[in-house]
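In: with the sequence up front, the predicted model follows.
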Amino acid sequence: MTLQEVAEQRTALTHSSSLHARRGGKFAVAGLILLGATVILLGALPYVAVPSITGQLVKLFYLVALASTWNLLAGYAGMVSVGQQAYVGLGAYAVFVFNDQGLDVWSSAFVAAVVVGALAWPVSYLAFRLRGGYFAVGTWVMAEVARLIIVRFDSLGAGQGREIATITNDPLVRQADTYWLALAVMVLAVAVVYTVLRSRLGLDLQAIRDEEVAAASLGVAITRGKRYVYVIAAGGCAAVGAVICISSLGVASPNAIFGVQYSAFMIFMVIIGGIGTIEGPILGAVVYFLLDKYFSQSGVWYLVVVGATAIVVALYLPRGLWGVIADRTGFALFPVRHRVSADLRGEAAT
Amino acid sequence: MNWINAIVQGIMLGGVFAIAASGLSLMFGVMRIANLAHGDLMVLGGYLAAVSAKRWGIPVPLTILVSVALLGALGWGLQRAALDRALRTSDMAPLLVTFGVSVIIPNVLVELFTSNSEPLSIGQLGTASIHFGSDISVGWFPLITLIAAVVVLGALELFLRRTQPGRILRATSDDAPTVRLLGINDRRVYALATAISLATVALAGTLYTMKQGGITPFEGQLTVLFAFEAVIIGGIGSLWGTLVGGIVLGVAQSVGAQISPDLPLLIGHLVFLAVLALRPQGILGREAFA
C-alpha cells in the first residue's frame, strides 16, 4: 500500500457516510435468546431435579449476583471495596427484622434489599471521603462496625446467631421457593447491571473508570454516578445475604455472615472471569463454584490455589478469562460497547 | 484511678499497634501500596520465630533475627517478582496481589502447622511488671514493645529523610518517570524498601507472638485492620504520626474496655471513622487529602 493510498483511506474514513456505530457483536441476538431459554429452563428445574442439585445451584446463583455487583462497583466505578460483607450481613439480619414483623421471608428478602440499599446512601457520604487503598480499608472497617453493632442486639441473637422465626414447614416447597428466590436475585442483579451500563450512567461510569479527572472536566457528575452504583451494589449484596439466611434457615454465626471472605470470593470471581465486563464475573462465579465444589474437601490447599491464581491473573491476564475469549472471538453476550465499522475495501477502491 | 490505668494500658497497647503499623506506614504511606497481606505477613513472622525456636533449637531472643532476615528476603523477592509488575499494570493490581498473598499465607500455615497455637515462650519476662503506686502497673514486655516501636519508627524516619535510598524512595513515590529519567534504578530502591518494611513486620510479628505466648494462622486478619487504622489516624506518610495513631487507637480501645468489656473494638473503629470524617489527612498529616 502506498502512502497516498493510506492517506486516501484515512480521508474516506473521516468523511465516509458508510460508518456505522452499533452495539453488539457477532451472535449478540442469538446469545440473548440462548440466555432467555437458559433462565426459563433453570426456572423449571425444581419440577424435575432433586433438591440436592437445586440446593447447590442456589449457591452458584448468589455467587453470580455477588460477583456482578462487585464488578459494577470495582470494574466500572473504580471502587475496590473490601467491605461488601457489611451489606451481606445486614441483608441477612434484615430478614429477621421484617420476618418478626409478620412479613413472610420471601417478601422480607426484597424489602431487606431495598432498605439496606437505602441505608448505604448515607454511608456513602463517609465512604466517599476515601479512595483507592483507603476506600478498601475504610469499607472493611465499616463492615466490622456493622457486625459489632448487630451483635449488641439480643433480639438478633447477639453473638450467637439465630434462626428464622416463621418459614414454610414443607421442606420441598421451601427448597423450591429458596431456589426461585436465588434465581430471581441473580437474574435481577445481572439485569440491573446490564441496564445501568447501557444507560447514560453506564457511559459516565466507564468514563470515570478510565480517567476520572478528564471525565469530571467534561461535566460527568462523578460522585452522583458512584453513589448510585454504591447503593445498587449494597442492595444486591443485601439480597444475597437474605438468600443465604433463608437457605440455611438463619444465621449460624455473625462472624461468618459479616466475614471478609465474602469480599475474597467477590474479588477472586471478578478478577478470574474478567473485571469490567458483564460476562466475566458470571464466568468467574462458575469457575469458583466448580473449584469449591470439587476441591473444598481436599483441605485448604485449594484456597492456596485460589490465592495464587488471583495473583497470576492480576499480573499476567489483567482482563481475565472472558477478556481472552472476547479478544479471540469478538463475542459479547451482553453488548454494552459501541463499535464503529466501515467498509474499508469499498472506500479505498473508489 | 481506673481511668488513668486504662489510659496507661492504652498507651502500652498503642505500642503494639504502632510497631505493627510501622512497616505498613512505609509501604502504604510512602510507596502507595495498600498491603492487604500485612497482618498475615506479621503472623508468618511470628511462625518463623516460633518454629525456629521449637524445631531448630535457636535461643528465643535470637529468633527475632531469623524472622527479620527471612521475611526481609521475602520482601525483596515479593517486590521483584510481583509488586513491581503490579505497580505497572494498574492501580488495582497491587491490591489484588497482596490480597492473593493474604489468602495464601494463613492457609499454608494451617496445612503445615494445623490451626492450633504454635507456642513461643519468653518465660518470666512475659508477666513481669513495674508497679507505680497501688493501682497502676506496667508490664515489662509491653514497655519493651513500645520502645521498639519508637526506635523502629525513628530509624525509618532517619532512613527516609537522611539517606540516599530514602530520598530516592520519596522522589519515586512522587514522580517515578522523572526519577527514571535521572538514571536511577528505582526498582532496586523499591525492593529495598519492601525488604525493610517486611523486616519490621517480622519484628512486630515476633514481639506479638512473644506477648501472646504463641500464634495461630488467622490472627492476621484483625491485626491488618488495626495497622491500617493506626497509619490513617496518624496521617499517611508521617512515621511519627503512625506512633500517635497507634497510641490513639490503643487508648480508645482501652478506655472502651473500661466502659464495657464488649466495647473496645467498636470504640476503636468509631474513633477511626471519626478521624476519617473530621480530619481525613490524619492527626499529623499535612498534605491535602487527594
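Out: The structure has been received and is ready for your questions. Residues are numbered from 1 along each chain as shown, chains lettered A, B, ... in the order given.
In: for the chain, which spans come out with low pLDDT?
Out: You didn't say which chain, so I picked chain A. A:1-28, A:299, A:330-333, A:335-350 (pLDDT under 70).
In: hmm, no, I was thinking of chain B.
Out: Within chain B, the ranges that satisfy pLDDT under 70 run B:1, B:286-290.
In: flag every buried residue along the longest helix anywhere in chain B.
Out: Across chain B, the longest stretch assigned as helix under DSSP state H is helix B:186-212. The neighbour-count check on helix B:186-212 (16 or more other Cβ atoms under 10 Å in any protein chain shown) flags B:186-187, B:189-211 as buried. Glycine gets a C-beta too; all of them are placed from N, C-alpha and C.
In: swap in stretch B:263-275?
Out: B:Leu263, B:Pro264, B:Leu265, B:Leu266, B:Ile267, B:Gly268, B:His269, B:Leu270, B:Val271, B:Phe272, B:Leu273, B:Val275.
In: for the fourth one, what are its contacts?
Out: For B:Leu266, the set of contacting residues under the criterion of Cβ atoms under 8 Å, 6 or more residues apart in numbering or on different chains consists of A:Val145, A:Leu148, A:Ile149, B:Gly256.
In: go on, A:Tyr87?
Out: With contact taken as Cβ under 8 Å, 6+ apart, A:Tyr87 is in contact with A:Val116, A:Ala120, A:Ala233, A:Ala234, A:Gly235, A:Cys237, A:Ala238, A:Gly241.
In: so who does the nearest residue to the fifth one once chain neighbours are set aside touch?
Out: Closest residue to A:Gly235 apart from its sequence neighbours, by Cβ to Cβ, 6 or more residues apart in numbering or on different chains: A:Gly117 at 3.0 Å. Neighbour list for A:Gly117: A:Val231, A:Ile232, A:Ala234, A:Gly235, A:Ala238 [criterion: Cβ under 8 Å, 6+ apart].
In: make it 10 Å
Out: Counting by Cβ atoms under 10 Å, 6 or more residues apart in numbering or on different chains, A:Gly117 touches A:Tyr87, A:Gly91, A:Tyr230, A:Val231, A:Ile232, A:Ala233, A:Ala234, A:Gly235, A:Gly236, A:Cys237, A:Ala238, A:Ala239.
In: again, but for A:Ile257
Out: A:85, A:88-93, A:147, A:150, A:161, A:241, A:244-245, A:248, A:251.
In: report all helices and strands that the host helix or strand of A:Phe289 contacts.
Out: Assessed by DSSP states H and E, A:Phe289 sits inside helix A:279-295. Judged by 3 or more Cβ pairs under 10 Å, 6 or more residues apart in numbering or on different chains; DSSP states H and E, the packing partners of helix A:279-295 are helix A:51-71, helix A:171-198, helix A:261-273, helix A:301-316, helix A:320-329.
In: what count of nearby residues applies to the closest residue to chain B within chain A?
Out: Using Cβ to the nearest Cβ, the closest approach of chain A to chain B is made by A:Gly133 at 2.7 Å. As a burial measure, A:Gly133 scores 24 neighbours (other Cβ atoms under 10 Å in any protein chain shown).
In: does it sit in a helix or strand, and which one?
Out: Using DSSP H and E, A:Gly133 maps to helix A:132-150.
In: I am finished for the moment; much appreciated.
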